[in-house]
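Trainee: turn this into a structure:
(chains A and B)
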Amino acid sequence: MLLGITLCTTAQEGLQINEAFEGKVIDKQCMQESLVKGENLKPYKLEMLHTVKFAAGSKDREKLNALFTKDMEERISDDDSNMEFESRDGYIYYAIVQLTDNKKGRHRYICYQCKKKSSYYDITLVYMEGTASLADLRKTFKK
Amino acid sequence: MNKVTQENVRELLRLYMEGVGTQKELKLLREYFNTASDLPADLVSYAQMFAIIDEETPVPSVEALNRFSEEQMPAPRRHILLWPLLAAACIAAFAFIILTPPKQKNDMAIAYVDGKMLNDKALAMQIGQEALQEIFSNGNEEQQLTDLFNAK
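Mentor: Residues are numbered from 1 along each chain as shown, chains lettered A, B, ... in the order given. Next up, the predicted model:
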């Protein structure tokens, strides 16, 4: 099983934030994680969805913020159709970024959310691939 | 030495018997013993020897030899050479394995909760959807206000 999840995360290889998905920033034991591939995602026009959610201290939050910021350099553009971004106090509050495609017609997205709680930060990270546009994803998942 | 005389026949015989005589000398000796009429006693045995040599050995015809071999030789066993067939089958199987694109195991749904890996499709989908809904709803003013209020 562990081998399965390791092999399937290769799609994120090359991304800085992959460290977080691999449990190198926050231990996997303290994470809530999901990895979905294939037919299950067809209704969303996605092929892969990898999410992790965990609580982080300020140091880890700083590191995650730096990693995600580096990956944002691979974004397609700052245009609204390719990106949503909001920061607070110099840190990313939430971001949805479309990266340059590594396969024709298959879009890649990384998403980050950092919510401040009383003594920690609630962090959610998402990596996804598929033919869905950002507009499609907004339509599907925006409440 | 075109004609062998009684005087030198002994010398030619000596050379022949020692194995150093030439073909030409042998021919001369054969001619001599074929034509000689009054041989001395010591050469009679040689005359008999050359008579035997000169007798033509009957050579069997090709047909006779073939017939003989057919009669003597056991009927050939019909060998079915299996190794070329096996080799061809192996090559075909190898090519099939190599050339057939592997079926990609695309479908996967794994959740990892409380340090436990769960092969639970529904749970994995639920966690994934909730994460996406949470992130994509950040653009809502109401959601942002709620977050700001909760952060205080």
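Trainee: and the longest helix for chain B?
Mentor: If you go by DSSP state H, chain B has its longest helix at helix B:82-99.
Trainee: which other helices and strands does the next helix or strand after that helix contact?
Mentor: Next along the chain after helix B:82-99, taking DSSP states H and E as the criterion, comes strand B:108-113. Using 3 or more C-beta pairs under 8 Å, 6 or more residues apart in numbering or on different chains; DSSP states H and E, the elements in contact with strand B:108-113 are helix A:2-8, strand A:32-37, strand B:116-118, helix B:121-136. Quick note: C-beta positions are derived from backbone N, CA and C, even for glycine.
Trainee: just to revisit the earlier point, got the contact list for the longest helix of chain B?
Mentor: Counting contacts by C-beta atoms under 8 Å, 6 or more residues apart in numbering or on different chains, no residue outside helix B:82-99 touches it.
Trainee: which strand runs longest in chain A?
Mentor: Longest strand of chain A, by residue count under DSSP state E: strand A:91-103.
Trainee: what helices and strands are in contact with the very next helix or strand once past that one?
Mentor: Where DSSP H and E defines the elements, the next helix or strand beyond strand A:91-103 is strand A:106-116. Packed against strand A:106-116, as judged by 3+ C-beta pairs under 8 Å, 6+ apart, are the following elements: helix A:58-71, strand A:91-103, strand A:121-130, helix B:121-136, helix B:141-151.
Trainee: is the longest one in proximity to chain A?
Mentor: Think helix B:121-136. Yes. Among the residues of helix B:121-136, B:121, B:123-129, B:131-136 lie within reach of chain A under C-beta under 8 Å from any C-beta of the partner chain.
Trainee: buried subset of those?
Mentor: B:123-125, B:127-129, B:131-132, B:134-136 (16 or more other C-beta atoms under 10 Å in any protein chain shown).
Trainee: now render these as CSV, adding pLDDT.
Mentor: Formatted as CSV, these follow (pLDDT from 0 to 100):
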residue, pLDDT
B:L123, 91
B:A124, 91
B:M125, 93
B:I127, 92
B:G128, 92
B:Q129, 91
B:A131, 92
B:L132, 92
B:E134, 90
B:I135, 90
B:F136, 89
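Trainee: how about low-confidence regions in the chain?
Mentor: All of this refers to chain A. Chain A contains residues with pLDDT under 70 at A:1-11.
Trainee: meant chain B, my bad for not saying
Mentor: By pLDDT under 70, the weakly predicted segments of chain B are B:1-3, B:56-60, B:73-79, B:101-106, B:139-152.
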